[in-house]
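Colleague: A predicted structure for the sequence below; I have some questions about it.
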Amino acid sequence: MVKEIIWLDKFVEKIEIKHGVTIDEVEEILVGKRKVKGTASQ
């Protein structure tokens with residue numbers, strides 16, 4: 001179980017720009033509040 005995530009600024013920017021998701025969305029997936037519906041390669 002993930003209890004805390006420490007976000008480094010350079011990775012936050014990469015996740016938002018390259019992958020098109022917010023940090024809130026990533027955290028929801030990591031704690032199980034949201035399911036992944038697909039990937040970029042599909």
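Modeller: Arrived safely.

Colleague: and the gap between F11 and I17?
Modeller: 11 Å (Cβ to Cβ, to the nearest Å). Heads up, the C-betas are built off the backbone N, CA and C, glycines and all.

Colleague: now V26
Modeller: Counting by Cβ to Cβ, the gap from V26 to I17 is 13 Å.

Colleague: Looking at those two, which is more packed in?
Modeller: Higher neighbour count among V26 and I17: V26, with 17 against 8, using other Cβ atoms under 10 Å.

Colleague: can you pull the contacts of the more buried one?
Modeller: I15 (Cβ atoms under 8 Å, 6 or more residues apart in numbering).

Colleague: What of F11?
Modeller: With contacts defined as Cβ under 8 Å, 6+ apart, F11 has no neighbours.

Colleague: Show me which parts of the host helix or strand of it are buried, residue by residue.
Modeller: In this assignment (DSSP states H and E), F11 forms part of helix 9-18. Buried positions in helix 9-18, judged by neighbour count with 16 or more other Cβ atoms under 10 Å: I15.

Colleague: Tell me how far it lies from the chain's centre.
Modeller: Helix 9-18 sits 10 Å away from the centroid of its parent chain (Cα atoms, centre = their mean, to the nearest Å).

Colleague: The spatially closest residue to I5 that is not a sequence neighbour: which element?
Modeller: Leaving aside its sequence neighbours, I5 sits nearest to E27 (Cβ to Cβ, 6 or more residues apart in numbering; 6.2 Å). According to DSSP H and E, E27 maps onto helix 23-30.

Colleague: Could you report the neighbour count for I5?
Modeller: 10.

Colleague: What separation do you get for the residue sitting nearest the centre point of the chain and G32?
Modeller: Taking Cα atoms, centre = their mean, the centroid of the chain lies closest to V26, which sits 2.2 Å from it. The gap separating V26 from G32 is 12 Å, by Cβ to Cβ.

Colleague: now swap in I6 and tell me
Modeller: On the measure of Cβ to Cβ, I6 and G32 end up 19 Å apart.

Colleague: try K14
Modeller: Look at K14 and G32: by Cβ to Cβ, they are 24 Å apart.
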